[in-house]
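Enquirer: Fold the following and give me the result.
(one chain, ligands or ions: 1)
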Amino acid sequence: MNYIQPSIIFDEINVFNNISYEKALDMSLFFKTNDYLLINDVLTQEIKEYLKQKITFDQHNYINEKRQFFREHNDDSCSCLISRFITTIKPFYEYVLQIQLTNPVGFGMKYNENSDCKPHYDNYNMPISSTICFYNEDKISYPFYIDNAFFNNPHPFRLTVDDKNGIPEENKRKIDINDGDIGIFRGRNHLHWREKKYVKDYRAILIHTEDYTYNGKLVSYMSNNNATKANINNVKNILTYALTDLDSYDTFRSDYVMYFSNN
Ligand SMILES: [Fe+2]
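Expert: Residues are numbered from 1 along each chain as shown. Prediction:
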């Protein structure tokens, strides 16, 4: 593992502020214990401005999609840049988590007043997720939450539990990801969501990466072309159907009890 912060330069711009090895070690231990991590003010001003300029949302992709929680996805023309960016910054994640990771996938996301990110668990090829906020127009506090309860999602795809109020208060971990901050979490194991708020314009890059190992070696579902890929169309009409929705946290916990740890 890296003992020195890797120098990450993207299109001649320094991406991250300095984090000492001691600090990185503390962060990695925190993540190991809590399954999430917030790194405040870690993006340089220059990269925030560059991303704001380069990642556009003029096509309003998915803006009216309930399944996408009414968030806008980046324009198609920016996908290459985003892909290049997240590949470039992977060593930074390995430094602060002290975990070897596969090449991430990701996209730009713009939240607005209609966005409503419901509590959900991520797909099976996304054990670790991250939100990199690079712009927050009115500097509003727009908290992201995770449920402390550990869960093994038996479904391959997203599982939504649309019951923010049913989640016990003591389980909620509030993670205030403002512009320049990075939040990292195990979205496969912890329910996560956003507070519904009046948000003028909040932009982030969302990334997903893997730390699955086999015989001590990192294995990747996402970048292995030989892996048998689950096909949404093949699992229709059975319990594993993609994007399962439930609407009561208590019922969910009692029905899925064998998939929770005892917290
Ligand atoms: Fe998610």
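Enquirer: Pick out the residue of the stretch 151-263 of the chain closest to the ion.
Expert: When distances are taken as Cβ to the ion, the stretch 151-263 of the chain reaches nearest to the ion at Gly187, 4.5 Å away. For glycine as for every other residue, the C-beta is placed from the backbone atoms N, C-alpha and C.
Enquirer: Equivalent analysis for the stretch 1-150 of the chain, please.
Expert: The nearest approach of the stretch 1-150 of the chain to the ion comes at Asp122, 4.4 Å away (Cβ to the ion).
Enquirer: How about the secondary structure of the residue of the stretch 151-263 of the chain closest to the ion?
Expert: In the three-state summary, Gly187 is assigned as coil, counting by DSSP: H, G, I helix; E, B strand; the rest coil.
Enquirer: This protein: helices as residue ranges?
Expert: Here the chain has its helices, by DSSP state H, at 21-34, 45-54, 79-97, 249-255.
Enquirer: what is the orientation angle of the second one with helix 79-97?
Expert: Calculated by axes from the mean of the first three to the mean of the last three Cα atoms, to 10 degrees, helix 45-54 forms an angle of 150 degrees with helix 79-97.
Enquirer: can I assume Pro104 is in contact with Pro91?
Expert: No: taking contact to mean Cβ atoms under 8 Å, the distance of 11.3 Å between Pro104 and Pro91 leaves them out of contact.
Enquirer: Pull up the pairing partners for the least confident helix or strand in the chain by mean pLDDT, direction included.
Expert: Of the helices and strands making up the chain, the lowest-confidence element is strand 244-246, at a mean of 85, by mean pLDDT, DSSP states H and E. Sheet pairing here is set by DSSP bridges, and for strand 244-246 it gives strand 159-161 (parallel).
Enquirer: for the record, mean pLDDT for stretch 8-20?
Expert: Within the predicted structure, the mean pLDDT of stretch 8-20 is 97.
Enquirer: dump the residue contacts of His120.
Expert: The contact partners of His120, taken as Cβ atoms under 8 Å, 6 or more residues apart in numbering, are Arg158, Leu159, Thr160, Val161, Leu191, His192, Trp193.
Enquirer: Also Val105?
Expert: Residues counted as contacts of Val105 (Cβ under 8 Å, 6+ apart) are Ser83, Ile86, Ile207, His208, Thr209, Met222.
Enquirer: nearest to Ser254, of those residues?
Expert: Within the set of the contacts of Val105, His208 lies nearest Ser254; the separation is 29.7 Å, counting by Cβ to Cβ.
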